[in-house]
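1. for reference, the sequence and a predicted model appear below.
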Amino acid sequence: MCEFSSRRSRALTGPWSFQLDQDDRGEQGLWFTPDYDTSKWGAAEVPGPWDLFDHALWGYEGIGWYATEIAGDAVDTEGWQQLAFGRVNMYAKVWLNGHFLGEHIGGHLPFEFAVTPYLHGDGPNRLVVRVSNVPRVDWLPGSEVIEWMLYGGILQPVVLMTTSRTYISDLRIVAEPGTGDASVTCQVEVSNRDATDFCGLLDVEISTPDGVVARDTTVECRAQASSVSTIILKIKDAEVWSPESPHLYSVNVSLLRDGTLFDQLGERFGVRSVEVKGTEILLNGRPVFLKGVNRYDEYGGYGPTVPEDVLRQDLLAIKRTGANLVRVHYPQDPATLRLMDEIGLLLMEETGLCWWKPDALTDQQNLTLIELVETDLTTMIRRDKNHPCIIAWSMLNESDTDTETGIAAMRRLLRRAHTLDSTRMATFVSVGTAEGHHAFEDADFVAINTYYGLFHGEMAYDVGELDDLVRVPTEHHLTAARTAYPGKPYILTEFGTQGVRGIRGDVRFAEDYQAAYIEAVSSAVAAVQGMQGLVLWCWADYFHRRGFIMPGGRMIQSAYGPYGVVTVDRKPKRSLESLTRVFTGAG
């Protein structure tokens, strides 16, 4: 057996061979076989959206093929090797040396394949990936109308991971503040891919200013199986994590046998607690008023594959407004979560289910869809559970959750979320009202979206109409909505309107109108007792998928959503000043 002092990873970045397959003939033509000639294919950067390969592919929804080689010197036949895909949008089929490794449906979360049996060290290994971003109503986001662009391709790194055949496969950390000391519970999953049983030692260490807190425990894992060990440590006089003071600790877990190191895994975490008490949300035992923005992960010139330094500056700009929360419509890049941990921004992370209308689908389509959502929810929580920035899991956005099928699905998903993670809140987001959305009984707080003066009520055409047609009806609506679940916290999780940078005046789409709209809605929220937050739609402008619904139910070919307080390439609008005024004075 080969034993390792640490795990190794090799990112398969750089240009991959790339070919379009609009007619879906690649599998029939055996493009995945090792001897298929790809010399005339194009070269596409991985990771990155194929939309940036050429102007001709902007918004392309179809099939594309990628091919690359894994050098023989990367192969370790005595270790355990896996191919880890960070994100492929949205349907991937993968072959290695002509062997079909498997497929994955879903455009935002990681997946992996064991490749030890199929790699050879005496020459290059051909890796081929077929990607389709053609949507289906029984796949996420579960609607014929999709707001965001379906950037296609391999959007996050592909990594060849090498470990011992017995390795640490998961680490869950629950760190809650106490009176002076903090209790840190580490659940360590060990997987054994060897043919013999493993008996060894787990060593867990947390670095603190006072030194290292450490504990060992014996671990036993049968051949071709996994086991979970629980280790509880105490941090004396622990500093809590909060948006105001995002203090992070590091934990290091080592797997040993007879003094030999088999594997190591490190993780950062924060000591903090989240709970609901009556109509209040408590962070570390203190009420917190959530001031946030909705955010897509795209950035002008990069699509959804954004360099970390650019991403950091974007998140810091959000925090400078006085915001303490970001809400998203689908699981995020791990780099986003790491940075939010460091910067001190809370996150409401959501599955990709959006605008689902179960009565428009067959029973089988609904069943397939909700099973995919539950799989994504499970994967999202397993991957992101240790990030202190995450305050809540959301099951979906603006769907028919007041129907029999919708209510049952929400109850199922909320139970799943609470089972997987009892340390955070779980909810879903309705549009307009909470009445009839009976699964809110099982949610920790009620989340609703309203757009008076735009999508709801009468259209407000100029600034002079904002008080009567936006502020007053929003206040009345939220007051009435509070009566459905008066004992729960309520958050306005979306409000906003369009504003085009460089256009001034008091009419719709002008910067001045958008700025005044934000202040009108914030005044309404402040007047409603029991509201625990407001979240603007949205931080930055974004590109639409081709067809999109506008006010009055009209379907137009809208290429761009100018709802941001900054443009897609992060140029500020006047509304950024208004949002900063609102957030620095709210709560």
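-> Now that the structure is in, tell me what you want to look at.
2. any idea whether E61 is helix, strand or coil?
-> coil (DSSP: H, G, I helix; E, B strand; the rest coil).
3. from what I see, K573 and L579 are in contact.
-> No - using CB atoms under 8 Å, K573 is not in contact with L579; the gap is 9.6 Å. All C-beta spots, glycine's among them, are computed from the backbone N, C-alpha and C.
4. between the two, which has more neighbouring residues?
-> L579 (27 against 24; other CB atoms under 10 Å).
5. touching, that one and I318? I think so.
-> No - L579 is not in contact with I318 according to CB under 8 Å; the separation is 9.8 Å.
6. need the overlap of contacts for those two.
-> V293 (CB atoms under 8 Å, 6 or more residues apart in numbering).
7. need the overlap of contacts for K573 and L579.
-> Counting by CB under 8 Å, 6+ apart, the residues touching both K573 and L579 are V565.
8. does the residue nearest the centre of the chain count as helix, strand or coil?
-> The centroid of the chain falls nearest to P331 when counting by CA atoms, centre = their mean (1.6 Å). Recorded secondary structure, P331: coil (three-state DSSP).
9. measure it to M380 for me?
-> Noted for P331: a distance of 5 Å to M380, by CB to CB, to the nearest Å.
10. need the overlap of contacts for those two.
-> L109, E349, T351.
11. for the spatially closest residue to A527 that is not a sequence neighbour, what are its contacts?
-> Leaving aside its sequence neighbours, A527 sits nearest to E475 (CB to CB, 6 or more residues apart in numbering; 5.1 Å). Residues near E475 by CB under 8 Å, 6+ apart: S523, A524, V525, A527, V528.
12. who's in contact with the second one?
-> Residues in contact with A524 (CB under 8 Å, 6+ apart) are V470, R471, V472, T474, E475, L478.
13. who wins for most neighbours among the residues you listed?
-> When neighbours are counted by other CB under 10 Å, V470 leads those with 29 neighbours.
14. tally of neighbours for the residue nearest to that one when sequence neighbours are not counted?
-> Distance criterion CB to CB, 6+ apart; nearest residue to V470, sequence neighbours excluded, is G453 at 3.9 Å. Residues near G453, counting by other CB under 10 Å, number 27.
15. looking at it, G453 is touching D467, isn't it?
-> No - using CB under 8 Å, G453 is not in contact with D467, being 10.1 Å away.
16. can you tell me how far the residue nearest to T580 when sequence neighbours are not counted is from G453?
-> Residue nearest to T580 in three dimensions, not counting chain neighbours: T321, with 4.5 Å by CB to CB, 6+ apart. Distance, T321 to G453, by CB to CB: 22 Å.
17. and what of D237?
-> In terms of CB to CB, D237 sits 51 Å off from G453.
18. contacts only, for A335.
-> Per CB under 8 Å, 6+ apart, neighbours of A335: E308, L311.
19. do V565 as well
-> Counted by CB under 8 Å, 6+ apart, V565 has contacts 293, 321, 499, 514, 518, 536, 539-540, 572-573, 575-576, 578-579.
20. gap between it and W539?
-> Taken as CB to CB, the span from V565 to W539 is 7 Å.
21. give me the common contacts of those two.
-> Contacts common to V565 and W539, judged by CB under 8 Å, 6+ apart, are V293.
22. which stretches of this structure have low pLDDT?
-> For the chain, the stretches with pLDDT under 70 are 1-6, 546-558, 586-587.
23. would you map the helices across it?
-> 308-320, 334-343, 363-384, 404-420, 466, 472-481, 511-526, 574-585 (DSSP state H).
24. in stretch 257-270, which residues are buried?
-> R257, F262, D263, Q264, L265, F269, G270 (16 or more other CB atoms under 10 Å).
25. and the nearest residue to N89 once chain neighbours are set aside, how many residues sit next to it?
-> Closest residue in space to N89, ignoring its immediate chain neighbours: G107 at 3.5 Å, by CB to CB, 6+ apart. G107: 26 surrounding residues under other CB under 10 Å.
26. got it, and Q224?
-> Neighbour tally, Q224, other CB under 10 Å: 12.
27. got the contact list for it?
-> By CB under 8 Å, 6+ apart, Q224 lies in contact with N192, R193, D194, A195.
28. count of neighbours near L325?
-> 26.
29. how's the chain carved up into domains?
-> 8-162, 166-269, 279-497+507-542+568-585 (automatic domain parsing).
30. any chance of those domains in CSV, plus distance to G561?
-> Formatted as CSV, the domains of the chain follow (distance: least, CB to CB, whole Å):
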stretch, distance to G561
domain 8-162, 7
domain 166-269, 27
domain 279-497+507-542+568-585, 5
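31. what's the most buried one of those domains?
-> Mean neighbours per residue, mean count of other CB atoms under 10 Å, is largest over the domains of the chain for domain 279-497+507-542+568-585, with a mean of 20.
32. surely the residue nearest to T580 meets S578?
-> No - in this structure T321 lies outside contact range of S578 using CB under 8 Å: 9.8 Å.
33. now do the same end-to-end measure for stretch 84-103.
-> Terminal residues of stretch 84-103 are spaced 13 Å apart (CA to CA, to the nearest Å).
34. roughly how far is it from the heart of the chain?
-> Its chain's C-alpha centre and that of stretch 84-103 lie 21 Å apart, by CA atoms, centre = their mean, to the nearest Å.
35. again with stretch 182-195
-> Stretch 182-195 has its average C-alpha position 24 Å from the chain's average C-alpha position, going by CA atoms, centre = their mean.
36. could you do stretch 236-251 as well?
-> Using CA atoms, centre = their mean, the offset of stretch 236-251 from its chain centre is 23 Å.
37. what residue in this protein is the furthest from its centre?
-> Outermost residue of the chain (CA atoms, centre = their mean): D258, 40.3 Å.
38. who's in contact with the spatially closest residue to that one that is not a sequence neighbour?
-> Excluding the flanking residues, the one nearest D258 by CB to CB, 6+ apart is G200, at 7.8 Å. Residues near G200 by CB under 8 Å, 6+ apart: T166, T218, V219, L255, L256, R257, D258, F262.
39. how far away is G200 from G266?
-> 18 Å.
40. who's G42 bridged to?
-> F18 (DSSP bridges).
41. what do you get for V158?
-> F85.
42. A84 is in contact with that one, correct?
-> Yes - look at V158 against A84 with CB under 8 Å: they come within range, at 7.2 Å.
43. state the distance from F53 to L12.
-> Using CB to CB, F53 is found at 18 Å from L12.
44. equivalent analysis for S143, please.
-> Per CB to CB, S143 is found 33 Å from L12.
45. and for E27?
-> 22 Å.
46. thinking again about what came up before, now do the contacts for the residue nearest to T580.
-> Contacts for T321 (CB under 8 Å, 6+ apart) come out as V293, V565, L576, L579, T580, F583, T584.
47. could you single out the nearest of these to N449?
-> Set against N449, the nearest of these by CB to CB is V293 (13.6 Å).
48. dump the residue contacts of that closest one.
-> For V293, the contacting residues are I318, T321, A323, L325, V326, R327, V535, L536, C538, W539, V565, L579, by CB under 8 Å, 6+ apart.
49. for the nearest residue to it once chain neighbours are set aside, what are its contacts?
-> In this structure, V293 finds its nearest non-sequential neighbour in W539, 4.0 Å apart by CB to CB, 6+ apart. Counting by CB under 8 Å, 6+ apart, W539 makes contact with V293, N294, R295, I318, V326, G564, V565, V566.
50. rewinding a little: and of the contacts of G200, the nearest to R508?
-> Checking those against R508 with CB to CB, the nearest one is L255 at 60.5 Å.
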